[in-house]
Every structure is written in C-alpha cells, then in structure tokens.
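> Okay, sequence plus prediction incoming.
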Amino acid sequence: MTRVLVVDDEPQIRRALRTSLQAHGHDVLTAGTGLEGVERAADSEPDLVFLDLGLPDLDGTEVIRRIRSFSEIPIIVLSVRDQQADKVAALDAGADDYVTKPFGMEEVLARLRAALRRTHPDEPAPAVQRFGDLEVDLAKRLVTRRGERVHLTPTEYGLLEALVANPGKLLTHPWLLRKVWGQGYGRESHYLRVYVRALRSKLGDDAAAPSLILTEPGVGYRWIAEPSP
Amino acid sequence: MARGILGPMRPARPGLAAAVAVVAPLCATLLGLLFGDVAEDAGVASLYLLAVVVAAALGGIPSGLAASLLSFMGLNFFFTEPELTFRVGKTEDLIALLVFLLVSSIVGTLLARALSERQRATRREREAALLNYIASKLLSPDPLDRRLGDLATVLLEPFDLVRCDILAEVGDERVEVCRERPGSSGERIEVPMLSGEDRHGTLVAVRRDGVPPLAEADRDLLEACARQISVALERARFDAAIEAARVSSEASQMRAALFSSVTHDLRTPLSSIKASVTSLLDDEAVHDQAQERELLQTVLEETDRLNQLVGNILDLAKVRAGALVPTKQLTAIEDVLESVLHRMGPALQRVSVRTMVRPDLPDVMMDAMQIDQVFTNVLENAVRFTPPDKEIQIAIVPWRDGVQVRVADQGPGIPSEERERVFEPFYRSEAGGGRGGSGLGLAIARAIVRAHGGRIRIEGSPSGGAAVVFELPADAPSIVQEPV
C-alpha cells in the first residue's frame, strides 16, 4: 500500500482527493498548510506528495525546497491556470510533475502511477521495451517499428532513451538539453523541437494526436506511451 | 525639419550702421583722390553713389542718408572748383551737386527700404516656419514628453540658447523636458505658457553668454511659440478628459451587460450540475447504469464549460484592470496548437480537423497559456458553427518575422458588416442562431493577440465559412491593453 500526502488549503479538494485515492487503494494523509505539509512529509514518510502551489502560509516553491532538503520522494504540484511561471519555478525547485486545476481524477492517477513506477519499480525496467508496434532495445541501442529497423542519429537516440527511461514524467527543456546535449546546454529549446519533430516522424507519432511524445508548451515533453507486455 | 532652416535671427546692429555711413564715403574720397587724374568728375560722383548704396545696404536708411550727405560734402570739398573749399564757383556745379544729393538720397532710401522689406519677409517666413513646425510637431503621434523635447531642441538655435526647459502640466500630469547644448549661460527668460486664462506651464530659455539681449520682435516670437505649445497642451488635456469619460461610460454599460450575461452563463452549467448530482444522491431514485453515467457525463461537460467561462471572465477582468500583461518566452506556436488539439480532442470529435503547419516557422515570444486561450476560444467558435462531419482547417505560416494562423470553418460564415462586431464583448452573431457561447471568446482572443503586438480579424473562407486570422510578431514589447 502506498502512502500519499495531500497538501492543500481547500478542505473540499482534500476530501475529493482522499476519497478517490483511497478508493484506488492508497493510504492518504492530508495537510492544510505548507508548514504542516513539510512536517508530515518528514515524520510520516509518505511515498508521494500532492502539493497545492497557492498555500496561505508558505510559498509552494519554498515547501518543495524544504521537503527536498531531507527527501527525494516524488512531488506533484497542483496549480491553477494562471500560475504558469510558478509552475516552472516549482519544477526548477525540484517538483517532479504538475496537474492543472481543475483536474480529472484519471489525470491525477496517471501522474501518480508514473511517479511511483519510477521510484518503486515492481521489477527492473526490461532492456527491451515495447510500445504497440514500436520496440526499443536499450541494451543494443536498437529501435524497430513494425519489425523494421528505425535509423536514428545519436542525438535522436539519446533523446528517445531519456524519454523512455522516464515514462509519464514531465521532462523540462533544460533537463533534456543537459541530459542529451550535455552540461552547458539548457536554453536551446529550439534544438529539442527540431529533434522531437524528427523523432516523431521516424517513429510515426502524430503531433496533433500524439500517442508517444506529448508536448507541454513552454515547459517540456512527456513520454505517454504505455508499455505493452 | 532640420534646425538649420530656421537659422539665427540677427537683431539690427547700430554700431555697424554708423561705421559704414562714415567709412563708405571716406573710401570713395580716397579712391577719387588717388585716381583723380584719370577719373572724370562724373566718375568720382559714381564712386560716391556706390558708397551711398553700400552704406544703405549695410546700415539701412539712416546710414544711407548720412553717407549721402557726407558724399555731397566730399564731392564739394575735394572735387568741385575751387577745390579744398566748400564754396562752389559755377552754377552748373552747384546744380550737379544738388542733383547728386537728391539722387543719392533717393537711391539710398529706396534700396535700404527694399532690403529691409526683404529681410522682414524672410524673417516672417522663418517665424511662420518655426510656428508651423511647432504646430505640426505637437500634432504628431509621439508621446508628449518626446514631442516637447523635440520642440525644446528646435528653439535652441533661432534664439541662441544654451538651454531650453519646458515645464508642462496636463491635468494632473507634469511633464518636464530639458534640452541643452554646450556654451556658458547668459540671460534667463521665463515665458508663461498661456492659452486664454489658463496657464499650462512655463518655458524657460537660457541664452548664450555674450549675445546681445533678445530684441522685442524675438521676444514676441518666443511668446508666440509658448502660446502655440500651450494650445496643444490644452487639447491634450481635453482629449484625456474625453477619453476618460468615454471609457467610464462604456465601462458602466459593459458592467451592466456583464452582470446579466455572467449571471446567466454561470448559472446554466451550475443548474445542470446541481440537478445531476442531487438526482444521483436521491435515495429514492432508481437509476440504471446508463442513466447514472449520463448524469455524470453531464456534470463533467458542464464543469469544463464552467472552467472555460471562468477563464474568459478572469481574462476580461484582467484586460479591464490593465493587468493582461503576457509573461513571454520563446515558444513554438505549433507546440501550443498541439497541446490545445490534444486537450480539446473530445470536443473536436464531431468535426474533422486538418492542420497545415509549415516546417520553417520561427519561434515567437509569447505567453503560452494566453495563446493557448486564443486557440481554444477560436476553435470553440469554429466547432460551434461547423456542421457535423465538415472540416476545420488550421494553417500556420511564417509572417514577416513572426507567424500567421488561420482557422477556417465550413459554417454559415459571417457577413462582412459583422466581422468587426464579433470581437465586441458579449456580441453574439445572429447567424449563430443563438448557439451557445458567452460572446467573450473572440473579445478575449483579440485582447491577448493585441497584448502580444499582433492583429486578429475575420475573413471569408473559400469553403464558404468564416476564417479567423491572427498574426503574432516574433517579439513585440508587451502592450497593456486598453479596456475592451
């Protein structure tokens, strides 16, 4: 059973999340302020935190920093539409992902699953991963689609590897650039766009109805394909 | 206008006039004595006439007359028999001398008058040019401080100033500009800027050290300039007052419209949500699974509708408060479109959507959330007016240094006289036949696009429907929107 901490000052949101998460078999703790949230994160050792950015006492980014000072547990930020800048700041401060309010529970649960999969893998990720008719062999660095070899440049492969290794996670532009291009990169988000476009066309993903790579405008990319057995 | 065209306006110089009246006949006498042997008496008389002309030209009428008298005496003393006396022997010589005096005074006077007439005309022309320049400058669309600064600059040269300050008051606003050029300061002149009874500020002119004091005519001109500026300042104040009145009257009309519209638009989804939920909570009602799902589906759809509406109302409030300032960063517009299409997927299912995105689009400085809102509003409109199974075409192409987006539907179209009105808040097209919509979507879209320095308009579509076209420049200073 996983233990989830919900930090939000709105009792209705806490109730809705608690009810739905419990219905999915999670143990739910709640906190109504930032300080209480940091305390519970420290003493109850939850597996994951949902954190509202608009708390009355502490700035959301500050809560993330304090939790990060003692724990690496996944933090998923709950933000409203107008907090685009806060959202990016929260990701920079160490949040793993975000969900925009008002959210649907299926979205919350998908983010939760993706985050937990990364921290508590049921089994080590297999070297060969299948997503529908796409197969990525991370050991041999081979990509095939419908049985045919897909030829990727080293950068394209690096990008695909970074995405596939973090299923469901929002990967920000700076993070991807540093991961694939190396330290010293971080502001060249147009590189990413060019390579994501190339990757999509080689992997047969449609930008308007993506099944593999989802764009989060101005923030980053997310690998959304569910692995097939 | 180059400031050189105005040029400095020289005051009359009395010293020069006196000097030239004496020196010119003196030169004529010396030349006459030197070349007396060769020159006939008539030749000497011509020399003196020349001297009178020169004196009149340089020194004006008094110089001309003085030179004429001196020449008459010189001619008599040195060149008329008996020489070196003022006596005249022959009657014809006396007549010749008197004729000379008469002719030279007439020539000198006429010439001096013609020249001074011309000078005055030139001066008037310059004054007119200066005042004209001031008037045209004041009407230019530049910001007030910039216009006043240009005016201060233009006054420096003609009035021989080292510094010119314009301290203006427009309503409660104070604008102060100061223009300087190198040189040590001399006389300081303060001219009130008056228009009728009202004072609109002060013009302070500091003249260059050592130049003669400002002549009466020049002072008048400076005052005329100040008056001209104050007329413009008064107009600016009236304009501001009229604009404020217009905005406030529109704002109160808008508020009334907003209240009735928002009350209705917010209550409708809330009513269906409440009805669905109370039905589900009702222990006595028996729902089968399909009915239960349908009620829940209603709640979901109405929640989304409410969310979108609240987003638009918040944006409208921001536009009103002048707070719709984009937080811009370099973003690819196709990323935004992609995410909107993904999110709106279910709503777009009843029509087909075709996108044509050119691969060579430049990145554009934008607030991704706001442009997302523009796409969402425009697409919601397009879907609302497109019959099932018809097509919505979205095309994005490079435009100047930015991008142009075109969303064309196959609905009934919008008649050209309505194409501007649909951007007014709460305007609902007749052609829509009362189909949904808060009438806010396009108004918000326009406010956002304009805040990005772009344009948005409706065009006809070859397929018969309407096309919303908007352009975003690569980067424009964020513009605080006027109230819509």
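Yep, that arrived.
> Quick check, pLDDT for residue 123.
By default, I'm working from chain A. Listed pLDDT for A:Glu123 reads 66.
> You answered for a different chain; I wanted chain B.
Looking at B:Arg123, its pLDDT is 82.
> what's A:Thr153 sitting at in phi/psi?
As for A:Thr153, its main-chain torsions (degrees, to the nearest 10) stand at phi -70, psi 160.
> and the closest residue to it other than its chain neighbours, what helix or strand is that in?
Counting by Cβ to Cβ, 6 or more residues apart in numbering or on different chains, A:Ala198 is the residue found nearest to A:Thr153 once chain neighbours are left out, at 7.9 Å. C-beta: built from backbone N, CA, C; applies to glycine. Using DSSP states H and E, A:Ala198 falls within helix A:189-203.
> Distance of B:Trp132 relative to B:Gly74?
That one is not Trp; residue B:132 is Asn. Per Cβ to Cβ, to the nearest Å, B:Asn132 is found 49 Å from B:Gly74.
> can you check A:Ala31 too?
Distance of A:Ala31 to B:Gly74, given as Cβ to Cβ: 115 Å.
> ok, now A:Asp43?
As judged by Cβ to Cβ, A:Asp43 and B:Gly74 stand 121 Å apart.
> swap in A:Arg130?
123 Å.
> So between these two, which is more surrounded?
B:Gly74 (23 against 15; other Cβ atoms under 10 Å in any protein chain shown).
> I'd say that one and B:Tyr48 touch.
Yes - counting by Cβ atoms under 8 Å, B:Tyr48 is a contact partner of B:Gly74 at 6.6 Å.
> Quickly list what's touching both of these two.
Taking Cβ atoms under 8 Å, 6 or more residues apart in numbering or on different chains as the criterion, B:Gly74 and B:Tyr48 both touch B:Pro25, B:Ala28, B:Gly32.
> Let's verify the first one: helix, strand, or coil?
To tie it back to what came earlier, the one meant is B:Pro25. Secondary structure assignment for B:Pro25 (DSSP: H, G, I helix; E, B strand; the rest coil): helix.
> try B:Gly210
B:Gly210 falls in the coil class when you classify it by three-state DSSP.
> What residue in the stretch 301-450 of chain B comes nearest to chain A?
Closest to chain A within the stretch 301-450 of chain B is B:Ala368: 3.7 Å, counting by Cβ to the nearest Cβ.
> Identify the residues contacting that residue.
Contacts for B:Ala368 (Cβ under 8 Å, 6+ apart) come out as A:Gln84, A:Pro217, A:Gly218, B:Gln329, B:Thr331, B:Asp335, B:Val336.
> And B:Val319, which helix or strand is it part of?
Using DSSP H and E, B:Val319 sits within helix B:289-320.
> Strand partners (parallel or antiparallel) of the helix or strand following that helix?
Following helix B:289-320 in sequence order, the next helix or strand is strand B:329-331 (DSSP H and E). When pairing is defined by DSSP bridges, strand B:329-331 lines up against strand B:364-366 (antiparallel).
> tell me which residues of the partner strand are tucked away?
By 16 or more other Cβ atoms under 10 Å in any protein chain shown, the buried positions in strand B:364-366 come out as B:Val364, B:Met365, B:Met366.
> ok, and the closest non-adjacent residue to B:Gln329?
A:Gly218 (6.0 Å).
> Now that B:Gln329 has come up, it's in contact with A:Pro217, right?
No - using Cβ under 8 Å, B:Gln329 is not in contact with A:Pro217, being 10.1 Å away.
> Please say which of those two ends up with more neighbours.
A:Pro217 (21 against 16).
> Would you mind giving the secondary structure of A:Val6?
Under three-state DSSP, A:Val6 comes out as strand.
> in the sheet, who's paired with it?
Beta bridges link A:Val6 to A:Thr30, A:Phe50 when assigned by DSSP bridges.
> For it, give me its contacts.
Applying Cβ under 8 Å, 6+ apart, the residues near A:Val6 are A:Ile13, A:Arg14, A:Leu17, A:Arg18, A:Leu21, A:Val28, A:Leu29, A:Thr30, A:Ala31, A:Val49, A:Phe50.
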